[in-house]
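Undergrad: Sequence and predicted structure, then a few things I'm wondering about:
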Amino acid sequence: MKFSVLIFFLIVLILFSCKRNHEKDLNYIHLEQISKRLASDLTNVEKDLLNAAQIIQHKIDFEKGIDWEKQHRYILNQNNVLSAQSDENNCAVFLPSGIEVTQKLKKTIINSEPIDTLLIDICYKNRIVNQVYFLDTNSFLRIFPYINVGKQFLPTIRLTEFNTYKTIASKPFFENKAYWINDPYADPSGRGWIISCVSPLYYHDQFFGIISADIMLKSICEKHLSSESEMFIIINTNGELLSCTKKAASFLKIPLKNDYPYYKPFTEDIFLSGNPSLLNSHKKNIRKAVKSLIQGKNMVELIYESNKTIIYSSKIKETNWLLLKIIN
């Protein structure tokens, strides 16, 4: 009799353990599915951006002859800022004041018009992309969707002096190579906190400019982390919080980061700063758990607020982020 009872309890224990392990597996599988969907989105953006870069570099003749006097699309305002006639279905165009509009630059402006179609296609094919632009070495800009450049930019702004452009300009050139600007920053064009996939452009073996696809952190969360009932967190390899669901913020007692408030036009780079790092959490077991996840573990168990808690992790290699899921 005692032996039968012991066997029964062993079977129950095994079944319970199997059930718990199955639940763990399902949670990790769910996290991996979200991570793979996000990675697929980012990979598609990079692929389409590189295709556009190839066309710009090899299919567009920027030195083709033009008749500037006969064109009516581009205008200089009272501040000597060049823009285009308003067309919300097309790209906005911007050239700051103080730039001499030479014949060579006029050719670039006119002959770069086919780039508009490439930018629009990237935006329409990739729902996660919020903005795409071409920027040359003269700070000449083509950007989609359309923005009011006169209101958004100071007349004298040099977009080539901002971090995104300077970072890519300093990179070695490899054919079919794009770079991710994965430290979120405030978009000078008004889109809030963004990351960017950027490709350098070369023409006749000379650095010519960049093409960039910008993605709002808000868009990533709305598409992939919109659950009201689950706890998801995105961190970088320093443990810094980039984004999370409301429930995760409440659970860990960390403030949600608001979108960037645009009070005035930009004059310099503004990066997402002041976010807490989970490596500096006031809870030692959180610090220890996150450190283990950053070092490569895909699951840790801990006691948090007197409850058993599991944190799963999946790496997003395109941006070198970690996507975490908390089960409590």
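TA: Happy to help now that I have it. Source: prediction; values computed, not measured.
Undergrad: Give me the distance between Y262 and R158.
TA: According to Cβ to Cβ, to the nearest Å, Y262 stands 19 Å off from R158. Yep, even glycine has a C-beta here, placed from its N, CA and C like the rest.
Undergrad: L95 too?
TA: Noted for L95: a distance of 11 Å to R158, by Cβ to Cβ.
Undergrad: Please enumerate the shared neighbours of the two.
TA: Counting by Cβ atoms under 8 Å, 6 or more residues apart in numbering, the contacts common to L95 and R158 are S139.
Undergrad: more crowded one of these two?
TA: Taking neighbours as other Cβ atoms under 10 Å, L95 and R158 compare with L95 leading, 23 against 13.
Undergrad: In this structure, mark out all the strands, start to finish.
TA: Ranges of strands in the chain, per DSSP state E, are 74-76, 82-84, 92-95, 131-136, 141-144, 179-186, 193-203, 206-216, 231-235, 241-244, 299-304, 307-316, 321-327.
Undergrad: so which of the ones you listed comes closest to L50?
TA: Nearest to L50, of all the strands of the chain, is strand 193-203, at 5.9 Å by Cβ to Cβ.
Undergrad: Poorly predicted segments of the stretch 101-250 of the chain, please.
TA: For the stretch 101-250 of the chain, no stretch has pLDDT under 70.
Undergrad: if we can go back for a sec, for the strands of the chain, could you give me JSON lines that also reports distance to S281?
TA: Formatted as JSON lines, these follow (distance: least, Cβ to Cβ, whole Å):
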{"stretch": "strand 74-76", "distance to S281": "54"}
{"stretch": "strand 82-84", "distance to S281": "48"}
{"stretch": "strand 92-95", "distance to S281": "43"}
{"stretch": "strand 131-136", "distance to S281": "34"}
{"stretch": "strand 141-144", "distance to S281": "40"}
{"stretch": "strand 179-186", "distance to S281": "21"}
{"stretch": "strand 193-203", "distance to S281": "22"}
{"stretch": "strand 206-216", "distance to S281": "27"}
{"stretch": "strand 231-235", "distance to S281": "11"}
{"stretch": "strand 241-244", "distance to S281": "10"}
{"stretch": "strand 299-304", "distance to S281": "10"}
{"stretch": "strand 307-316", "distance to S281": "12"}
{"stretch": "strand 321-327", "distance to S281": "13"}
